[in-house]
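Colleague: sequence below, structure please.
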Amino acid sequence: MANRRVAPLTDTLIKRSTAKEKNYILPDGNGLQLLVKTIGSKVWEVRYTLDGKPSKTTIGTYPEVTLAEARKKRDLYRKKNS
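Modeller: Below is the predicted model of the structure:
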């Protein structure tokens, strides 16, 4: 799978994201993404590889976990699993 460059998220973009008919993802890059659910909640997810298998975990909801905090947690997962 080819690596894609994505524009980093901004706090303004996150705040303006609204619920749609289906869940959708806003990527931040390096495995961090924000899942916007149909009910309007926003959940941070980190994608990583463990023993050659892709995995995903949640690290909190926005705004309880800010963008800066989510990036720090993503970096910790990447260090721990590399």
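Colleague: okay, buried residues for the host helix or strand of Arg71 please.
Modeller: Counting by DSSP states H and E, the element that carries Arg71 is helix 67-80. Neighbour counts over helix 67-80 (16 or more other CB atoms under 10 Å) mark Leu67, Ala70, Arg71, Lys73, Arg74, Tyr77 as buried. For glycine as for every other residue, the C-beta is placed from the backbone atoms N, C-alpha and C.
Colleague: kindly report the same for stretch 6-26.
Modeller: The neighbour-count criterion (16+ other CB under 10 Å) identifies Leu9, Ile14, Ser17 as the buried residues of stretch 6-26.
Colleague: straight-line length of that stretch, end to end?
Modeller: End-to-end distance of stretch 6-26 (CA to CA, to the nearest Å): 10 Å.
Colleague: same question for stretch 47-66.
Modeller: Distance between the boundary residues of stretch 47-66 (CA to CA) amounts to 18 Å.
Colleague: what's in contact with that stretch?
Modeller: Applying CB atoms under 8 Å, 6 or more residues apart in numbering, the contact partners of stretch 47-66 are 11, 14, 31, 33-34, 41-46, 69-70, 73-74, 77-78, 81.
Colleague: tell me the SS of the residue positioned nearest the centre of the chain?
Modeller: Closest residue to the average C-alpha location of the chain: Gln33 at 1.9 Å, with CA atoms, centre = their mean. With DSSP: H, G, I helix; E, B strand; the rest coil as the basis, Gln33 sits in strand.
Colleague: is it bridged to anything, and to what?
Modeller: Legend: beta-bridge partners of Gln33 under DSSP bridges are Pro27, Glu45.
Colleague: you'd agree it is up against Ile14?
Modeller: No - counting by CB atoms under 8 Å, Gln33 sits too far from Ile14 to count as a contact (11.4 Å).
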